[in-house]
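Chemist: sharing a model prediction with you, sequence too.
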Amino acid sequence: MRIETVEMHTGGEAVRIVVAGYPEIEGATILDKRRFARERLDRWRRLIMHEPRGHYDMYGVLPVAPDLPGADFGVLFIHNEGYSTMCGHATIAVARWAVDEGLVAKVEPFTTVSIQAPCGLVTAHVEIVEGRAGAVSFESVPAFAPTLDAEVEIEGHGRVTLDIGYGGAFYAILPADRLGLDLDRPARHLVDAADRVSAAVRAALTVEYPGEPDLSFLYGTILTDGGNGRVRPTRNVCIFADREVDRSPTGSGVTARLALMRARGEIEVGETRRFRSITGSDFAGCVARDTVLAGRPAIVARVSGKAHYSGTAHFTIEEDDPFPDGFLVR
């Protein structure tokens with residue numbers, strides 16, 4: 001067994017792209033493939049995400065055959081707990097990689113890469129400078145604000161007001177100061193609080209994507225500094241899956257935040273805002289256009305950032321390895 005990967009990061013957040021050696025992922029649609037991978041091949045996810053080959057906050061991409069017309073390729077996103085439906089930081093990385101690998105013909109000054117994610121078709125635009133792929137922007141699937149100003153009882157914090165936004169995945173979003181915190185606190189405090197928020201929201205509220213149960217779950221919680229990104233970057237931290245901490249500003253989270261801003265009338269079409277992660281890395285985001293999803297107001301967001309290569313790897317298992325499926329220590 002030999003699994004080969006290309007290692008990248010976007011704003012400090014890992015992107016492990018599997019390029020060879022992974023078992024075939026079967027399914028007629030991308031959601032079928034996601035279910036097949038989760039139910040039949042999950043030991044392989046654990047192998048490359050978990051220790052000793054990965055770590056608690058590792059993130060990865062499995063390229064797969066698409067089923068949507070016009071898609072150049074499909075992707076499954078993997079992490080410490082399972083399989084997400086959308087990931088902006090990974091989209092930025094895999095779009096650059098696809099251009100560099102010749103999966104999509106390079107066109108200056110921008111090369112368009114159409115990527116089918118589990119949430120739908122995402123269109124990325126890769127800037128080409130002197131023949132090299134550089135910064136990437138992507139246009140999201142329709143994003144919307146299903147819940148504004150919900151009051152939820154949070155363990156240790158009482159009743160707290162928060163929003164739910166969808167940007168390819170569902171997030172609970174609120175300023176950290178509503179939990180008595182700020183974003184300069186040690187990460188463990190933010191993780192503990194956000195995890196309590198996610199648990200409370202899952203218990204108290206229902207999130208539903210129109211017509212698709214596989215997309216209808218809360219992915220995580222985003223704590224913000226309460227800013228709007230107009231004058232200076234607004235900081236946020238996303239805690240998702242099993243208490244995993246995003247080092248980037250979170251592309252799908254930026255999309256969800258833009259959908260919330262638009263629902264409140266706080267941003268105009270074409271207006272750019274900046275979002276900053278706990279590592280200090282920035283994404284730019286704007287409302288590219290208004291749209292409608294299943295009869296409700298929605299937006300298409302454009303999110304921009306840059307990914308970098310950090311190496312390549314190949315992973316093996318010896319016959320007497322006591323940890324063939326990996327493990328996690330936190």
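Modeler: Structure's in. What do you need?

Chemist: tell me how far the residue positioned nearest the centre of the chain lies from A20.
Modeler: For the chain, C87 is the residue whose C-alpha lies nearest the centre (CA atoms, centre = their mean; 2.4 Å). Distance, C87 to A20, by CB to CB, to the nearest Å: 21 Å. Heads up, the C-betas are built off the backbone N, CA and C, glycines and all.

Chemist: how about A98?
Modeler: Distance, A98 to A20, using CB to CB: 15 Å.

Chemist: and these two? Which one has more around it.
Modeler: A98 (23 against 9; other CB atoms under 10 Å).

Chemist: surely that one meets V104?
Modeler: Yes. A98 is within contact range of V104, at 5.3 Å (criterion: CB atoms under 8 Å).

Chemist: need the residues touching each of those two.
Modeler: Residues touching both A98 and V104 (CB atoms under 8 Å, 6 or more residues apart in numbering) are 72, 113.

Chemist: gap between the biggest helix by length in the chain and the chain center?
Modeler: The longest helix of the chain (DSSP state H) is helix 187-204. Relative to its chain's centre, helix 187-204 lies at 18 Å (CA atoms, centre = their mean, to the nearest Å).

Chemist: wait, what's in contact with I278?
Modeler: 183, 187, 235, 237, 245, 247.

Chemist: so what pLDDT did it get?
Modeler: Looking at I278, its pLDDT is 95.

Chemist: how about the strands of the stretch 1-150 of the chain, start to end?
Modeler: Ranges of strands in the stretch 1-150 of the chain, per DSSP state E, counting those that start in this stretch, are 3-10, 13-20, 60-64, 73-78, 83-84, 110-117, 120-129, 132-139, 144-154.

Chemist: closest one to G270 among the ones you listed?
Modeler: strand 132-139 (13.1 Å; CB to CB).

Chemist: buried residues, that closest one. List them.
Modeler: By neighbour count on 16 or more other CB atoms under 10 Å, the buried set for strand 132-139 is 133, 135-139.

Chemist: then stretch 77-92?
Modeler: Buried positions in stretch 77-92, judged by neighbour count with 16+ other CB under 10 Å: 77-80, 83-92.

Chemist: skip the chain neighbours and tell me the closest residue to V254.
Modeler: In this structure, V254 finds its nearest non-sequential neighbour in G285, 4.4 Å apart by CB to CB, 6 or more residues apart in numbering.

Chemist: host element of the one you found?
Modeler: Taking DSSP states H and E as the criterion, G285 maps to strand 282-293.

Chemist: so which residues make contact with that strand?
Modeler: Residues outside strand 282-293 that contact it (CB under 8 Å, 6+ apart) are 11, 88, 137, 139, 142, 144, 210, 229, 233, 248-249, 251, 254-255, 257-258, 261-262, 267-277, 297-305.

Chemist: confirm that D182 sits in a helix.
Modeler: No. Checked against DSSP: H, G, I helix; E, B strand; the rest coil, D182 lies outside a helix; its state is coil.

Chemist: can you verify my assumption that it contacts T224?
Modeler: No. Using CB under 8 Å, D182 is not in contact with T224; the gap is 10.7 Å.

Chemist: between those two, who's got more neighbours?
Modeler: Each of D182 and T224 has its neighbours counted (other CB under 10 Å); T224 has more, 22 against 15.

Chemist: need phi/psi at L179.
Modeler: Per-residue torsions, L179: phi -110, psi 10 (degrees, to the nearest 10).

Chemist: show me the contacts for the residue nearest to it when sequence neighbours are not counted.
Modeler: Of all residues not flanking L179 in the chain, A193 sits nearest, at 4.7 Å (CB to CB, 6+ apart). Counting by CB under 8 Å, 6+ apart, A193 touches 156-157, 176, 179, 181, 223.

Chemist: if I look at A193, how far off is V237?
Modeler: Taken as CB to CB, the span from A193 to V237 is 10 Å.

Chemist: buried ones in stretch 150-166, by neighbour count?
Modeler: 150, 152, 154, 157, 160, 162-166.
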